[in-house]
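Colleague: quick one, what's the 3D model for this:
(one chain, ligands or ions: 1)
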Amino acid sequence: MYVCVCHAVSDKQIKQAVENGCCSYREVRDCHNVGKTCGRCVPEARELINETLISLAKDIAQAA
Ligand code: FES
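Modeller: Alright, predicted model coming up:
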């Protein structure tokens, strides 16, 4: 599913960016241009980034 229609960025691409080390909206934006045009996708992108970060943190905590 596309989160950012203006730049054709999917939810999978955003999750992958976070899994590969992006840890903020700004870092994902700089990698994929998410939100740089109309900005409508910013709230959804931020939420997805936060959810992915929380999920990764839980995985790390369980592994420890
Ligand atoms: S939908 Fe992402 S900048 Fe327009």
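
Colleague: can you check which helix is longest in this protein?
Modeller: Ranked by residue count under DSSP state H, the longest helix found in the chain is helix 42-63.

Colleague: which residues sit against that helix?
Modeller: 3-4, 9, 11, 14-15, 18-19, 22-25, 28-29, 34-35 (C-beta atoms under 8 Å, 6 or more residues apart in numbering). Where C-beta positions appear, they are placed from N, C-alpha and C, glycine not excepted.

Colleague: around the ligand, which positions in the protein sit nearby?
Modeller: Within the chain, the positions lying close to the ligand (C-beta under 6 Å from any ligand atom) are Cys4, Val5, Cys6, His7, Val34, Gly35, Lys36, Thr37, Cys38, Gly39, Arg40, Cys41.

Colleague: surely the second one meets Thr37?
Modeller: No - with contacts counted by C-beta atoms under 8 Å, Val5 stays clear of Thr37, the gap being 9.1 Å.

Colleague: mind checking the end-to-end distance for stretch 19-28?
Modeller: End-to-end distance for stretch 19-28, by C-alpha to C-alpha, to the nearest Å: 11 Å.

Colleague: average pLDDT for that stretch?
Modeller: Averaged over stretch 19-28, pLDDT sits at 96.

Colleague: contacts only, for the residue nearest to Cys41 when sequence neighbours are not counted.
Modeller: Of all residues not flanking Cys41 in the chain, Cys4 sits nearest, at 4.1 Å (C-beta to C-beta, 6 or more residues apart in numbering). Applying C-beta under 8 Å, 6+ apart to Cys4 gives the contacts His32, Asn33, Val34, Gly35, Cys41, Ala45.

Colleague: from those, which single one is nearest the ligand?
Modeller: Nearest to the ligand, judged by C-beta to the nearest ligand atom, of the contacts of Cys4 is Cys41 at 3.4 Å.

Colleague: so what's that closest one up against?
Modeller: The contact partners of Cys41, by C-beta under 8 Å, 6+ apart, come to Val3, Cys4, Val5, Cys6, Val9, Val34, Gly35.
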